[in-house]
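Novice: predicted model follows, preceded by the sequence.
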Amino acid sequence: MHGSERHVLLRHYLETGLTKTAIAERLGLDRSTIHRWIRVGELDRDLDDEAVHYHPRPPRPSKLDPYRPLLEQRLADYPELTAIRLFAEVRAAGYTGGLSQLKALVHRLRPTPPVVEVVRFETPPGHQAQVDFARCVLPWGVRYALLVVLSYSRLLWLRFAPRQDLRTLLTSLEAAFASFGGVPRELLFDQMKAVITRDGRLEGGGLVTNAEFLRFAHHWSFRPRACRPYRAQTKGKVERPIRYLRQSFIYGRSFAGDADLQAQAEHWLATIANVRRHATTLELPLERFAREERAALLPLAARPYHSLVLLPPVPPRRPAPVAVPAVAVERRPLRVYAQLTGGAP
């Protein structure tokens with residue numbers, strides 16, 4: 001029985017007229033204690049706001065107690081040892097308890113790995129943009145989203161295309177530059193490992209060594225750069241744009257085709273992606289771009305890039321219909337065939 005409960009019962013018994021000796025017997029107290037409480041005014045104190053104090057339970061002995069030093073030492077030497085592995089070791093040492101008890105103790109004893117804080121370096125306005133390809137599987141086929149993110153403002157641009165090739169890369173980048181109203185001084189490519197084959201596909205190798213792409217970069221006055229290694233210190237400010245595209249735009253949406261896909265993407269950029277408060281800059285990318293980065297971009301080229309290597313796309317041709325000659329079939333009764341074979345008519 002808690003002290004507050006005894007005080008309440010003591011008040012009740014005194015009001016009903018019980019003697020102090022009878023009250024002491026019912027409450028299991030000494031009669032002098034009751035006299036002392038009445039004398040010092042303990043019963044007049046307001047006990048409603050008094051917090052109930054619970055004492056911790058005394059620790060109970062565990063079958064793991066003899067093996068605790070062994071577990072502590074093993075986890076200090078090898079912090080990533082699994083509970084199953086440690087269970088086998090303490091069983092071999094004589095432990096007869098269960099796995100659940102050991103898992104709970106290992107969870108408490110396992111040292112917490114130090115948190116490595118990654119600090120993303122900052123580049124000035126207009127200096128850098130990151131280029132990423134995202135492969136998206138849609139009901140009518142695979143589409144590739146080319147994402148261009150300005151590193152300072154985090155302004156995002158994207159376009160979907162049916163192929164991930166050189167022509168898509170060049171035309172999309174020109175459209176991105178026109179949308180920004182200028183050109184970043186440096187383009188950082190996560191796909192810089194890709195090499196462009198004769199038919200324009202991007203496959204294994206080095207995009208930075210491709211002569212046609214280097215001519216394109218010279219025409220637009222930017223410097224291509226490989227993202228090596230693939231870490232925040234190299235990429236700068238851009239945090240997982242492909243994951244953001246999949247989670248915030250692709251996931252849970254339905255599209256009626258390529259035109260609807262691109263239209264919804266542009267609406268998403270204008271109403272969500274570029275007007276959200278960025279977690280790192282704590283600013284809206286569109287406002288940061290308009291205020292500080294647009295004027296810092298390089299001017300656009302006087303004309304679009306004209307490739308001497310890539311031929312203009314040829315629209316698919318339908319095969320010409322093949323004329324089927326009319327065949328006249330003579331119909332004869334069966335008796336004619338019977339006469340020809342010498343049979344009875």
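Specialist: Structure received.
Novice: contacts, neighbours, all on C-alpha from now
Specialist: Will do.
Novice: pull the residues that contact the one helix or strand Arg108 maps to.
Specialist: Per DSSP states H and E: Arg108 is located in helix 99-109. By Cα atoms under 8 Å, 6 or more residues apart in numbering, the list of residues contacting helix 99-109 from outside reads Leu64, Leu71, Glu72, Leu75, Ala83, Ile84, Phe87.
Novice: switch to 7 Å and redo it
Specialist: Contacts of helix 99-109 with the rest of the structure, by Cα atoms under 7 Å, 6 or more residues apart in numbering, involve Glu72, Ala83, Phe87.
Novice: tell me the buried residues in that helix?
Specialist: By neighbour count, with 16 or more other Cα atoms under 10 Å as the criterion, the buried positions of helix 99-109 are Leu102, Lys103, Leu105, Val106, Leu109.
Novice: please work out the average pLDDT along that helix.
Specialist: Helix 99-109 carries an average pLDDT of 91.
Novice: and the next helix or strand past it?
Specialist: Next along the chain after helix 99-109, taking DSSP H and E as the criterion, comes strand 128-138.
Novice: helices or strands up against that following strand?
Specialist: Counting contacts by 3 or more Cα pairs under 7 Å, 6 or more residues apart in numbering; DSSP states H and E, strand 128-138 is packed against strand 141-150, strand 186-189.
Novice: sec struct for Phe160, please.
Specialist: For Phe160, the secondary structure call by DSSP: H, G, I helix; E, B strand; the rest coil comes out as strand.
Novice: looking at the contacts of helix 99-109, which is nearest Trp157?
Specialist: Set against Trp157, the nearest of the contacts of helix 99-109 by Cα to Cα is Ala83 (47.4 Å).
Novice: so which of the helices and strands packed on strand 128-138 is nearest Thr171?
Specialist: So among the helices and strands packed on strand 128-138, strand 141-150 is nearest, using Cα to Cα, at 10.7 Å.
Novice: helices or strands up against the closest one?
Specialist: Applying 3+ Cα pairs under 7 Å, 6+ apart, we find strand 141-150 packed against strand 128-138, strand 156-161.
Novice: the shortest one pairs with which strands, and in what direction?
Specialist: Take DSSP bridges as the rule and strand 156-161 pairs in its sheet with strand 141-150 (antiparallel).
Novice: ok, and what's touching the partner strand?
Specialist: With Cα under 7 Å, 6+ apart as the test, strand 141-150 has contacts from 128-137, 155-164.
Novice: which of those residues are buried?
Specialist: 128-135, 155-161, 163-164.
Novice: residue boundaries of the helices in the chain?
Specialist: 3-16, 20-27, 31-40, 68-77, 83-92, 99-109, 166-180, 211-220, 232-235, 241-245, 258-268, 285-288, 334-340 (DSSP state H).
Novice: tell me the mean pLDDT for the fifth one?
Specialist: Averaging pLDDT along helix 83-92 gives 91.
Novice: now the longest one
Specialist: Per-residue pLDDT values over helix 166-180 give a mean of 93.
Novice: equivalent analysis for the fourth one, please.
Specialist: This predicted structure assigns helix 68-77 an average pLDDT of 91.
Novice: how far does that helix sit from the chain's center?
Specialist: How far helix 68-77 lies from its chain's middle: 35 Å, per Cα atoms, centre = their mean, to the nearest Å.
Novice: what does the second one give?
Specialist: The gap between where helix 20-27 is centred and where its chain is centred comes out at 68 Å by Cα atoms, centre = their mean.
Novice: neighbouring contacts of stretch 73-87?
Specialist: Taking Cα under 7 Å, 6+ apart as the rule, stretch 73-87 contacts Leu99, Leu102, Lys103, Val106, Arg110, Pro111.
Novice: straight-line length of it, end to end?
Specialist: The straight-line separation of the ends of stretch 73-87 (Cα to Cα, to the nearest Å) is 14 Å.
Novice: quick one on the thing from earlier: can you check what angle separates the helix holding Arg108 from helix 83-92?
Specialist: Interaxial angle of helix 99-109 relative to helix 83-92 (axes from the mean of the first three to the mean of the last three Cα atoms, to 10 degrees): 110 degrees.
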